[in-house]
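In: Below are the sequence and a predicted model; questions follow.
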Amino acid sequence: MACENGLVHTYNPHLVETTTDHLYHFGISRSSDLPKEFGDVKGDLLIESLQELLDDSSGCMFVCTGGSASRLEMFAKLFAEEAKIPLSENLSKSDRFCMYKTGPVLWVNHGMGTPSLSIMLVEVIKLLHYAGASQVSFIRIGTSGGIGVAPGTVVVSSGAINGMLQETHVQYIMGQRVDRPAKLDAGLKDELIATGKGLQIPVDTGVTLCADDFYEGQMRLDGAFCDYTSEDKFKFLRKLHDEHNVRNFEMESSCFAAMTRRAGAKAAIVCVALLNRFDGDQVKIEKEQYHEFEMRPFRLVSAFVKNKL
Ligand code: R2B
Ligand code: URA
């Protein structure tokens with residue numbers, strides 16, 4: 001759902017009436033009177049930085065995100081070195097999320113699961129909207145549990161479904177269930193797959209199932225609670241794979257697809273499979289192997305972004 005002018009959208013009449021807004025989970029305010037409010041101009045840094053970001057961006061920009069703050073910090077540093085672009089300080093003034101800027105690329109972590117991700121996205125979408133950002137692509141770089149794919153395979157999602165196997169993100173608002181379409185950008189997906197193949201990274205594509213938890217929601221047999229049998233598990237995995245073309249489980253995709261779409265931005269999801277769930281449930285990988293796996297989606301996405309800048 002790209003918008004005509006490519007700008008990042010918000011749809012909130014209440015926001016239009018005010019020039020001040022506190023982005024609580026980044027510890028940053030948009031204010032017409034920042035120096036007074038903060039006693040110095042530091043609080044304005046992010047908006048200034050974003051303005052700079054737009055000046056840098058020659059028409060397009062990227063928000064790269066993933067769960068862990070330290071991983072995103074490492075990715076931002078590496079990207080800055082590789083692309084020879086200066087790295088900002090951590091622009092987030094709260095310990096909930098980190099945010100780094102390298103030219104027209106923001107690196108922000110989102111924590112685990114949809115509730116945490118949605119907080120980050122709402123605040124980043126507002127920031128980008130205030131800054132007048134346009135032609136924004138959001139790319140989630142993460143880890144996942146593979147379904148019929150070998151460990152280490154990078155899965156570029158063709159779609160995202162929720163736990164009811166529907167291509168929607170479900171929100172509960174005013175006591176009502178609201179379903180939002182969870183669609184990813186097909187063009188961006190194809191370009192990312194082509195980049196991965198060019199780099200000889202093992203790449204696959206398929207639907208991603210967004211679970212609301214790591215254990216029962218992903219049919220694990222090793223949680224604290226389990227009311228289903230091993231046979232149920234394998235039957236479900238087989239159904240996901242064969243009938244729904246699902247290739248991995250993670251915990252953010254449907255919200256990520258739906259919310260970025262509402263903002264009029266493109267979105268893609270690139271996650272390495274840490275294991276093949278047909279072979280087990282425990283994520284038990286040597287540290288070095290884990291590091292090599294988690295770098296694969298970064299290598300793919302950073303090559304793609306560098307090529308675009
Ligand atoms: C993948 O890994 C995390 C759980 O270990 C979760 O954030 C996800 O989507
Ligand atoms: N993340 C998940 O959500 N599931 C896995 O199995 C691995 C990573």
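Out: Cool, got the structure. Ligands and ions are numbered 1, 2, ... in the order given.

In: which SS class is the residue in the stretch 101-250 of the chain that ligand 2 sits nearest to?
Out: Closest residue of the stretch 101-250 of the chain to ligand 2, C-beta to the nearest ligand atom: Gly145 (2.3 Å). C-beta: built from backbone N, CA, C; applies to glycine. Three-state call for Gly145 (DSSP: H, G, I helix; E, B strand; the rest coil): strand.

In: what's near enough to touch it?
Out: Gly145 makes contacts with 218, 248-250, 273-275, 277, 283, as judged by C-beta atoms under 8 Å, 6 or more residues apart in numbering.

In: Please tell me how far the nearest residue to Glu250 once chain neighbours are set aside sits from Lys308.
Out: Among residues not flanking Glu250 along the chain, Ser144 sits closest, at 4.2 Å (C-beta to C-beta, 6 or more residues apart in numbering). According to C-beta to C-beta, to the nearest Å, Ser144 and Lys308 sit 24 Å apart.

In: Near the residue nearest to Glu250, how many other residues are there?
Out: When neighbours are defined as other C-beta atoms under 10 Å, Ser144 has 29 of them.

In: what residues does the stretch 201-309 of the chain put near ligand 1?
Out: 214, 250-252 (C-beta under 6 Å from any ligand atom).

In: at 8 Å what do you get?
Out: Taking C-beta under 8 Å from any ligand atom as the criterion, the stretch 201-309 of the chain approaches ligand 1 at residues 210, 214, 249-253, 271, 283.

In: Next, the most centrally placed residue in the chain: phi, psi?
Out: Taking C-alpha atoms, centre = their mean, the centroid of the chain lies closest to Arg140, which sits 3.1 Å from it. The phi/psi pair for Arg140 (degrees, to the nearest 10) reads phi -90, psi 130.

In: tell me which element Ala76 is part of?
Out: helix 69-83 (DSSP states H and E).

In: okay, whichever helix or strand comes after that helix in CSV with CA atoms only?
Out: Using DSSP H and E, the next helix or strand after helix 69-83 towards the C-terminus is strand 99-102. Extracted in CSV, the C-alpha atoms of strand 99-102 (Å, rounded to 0.1, in the frame of the first residue of the first chain):
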residue,chain,number,x,y,z
MET,A,99,18.8,3.5,17.6
TYR,A,100,21.8,4.2,15.4
LYS,A,101,22.0,6.1,12.2
THR,A,102,24.4,5.5,9.3
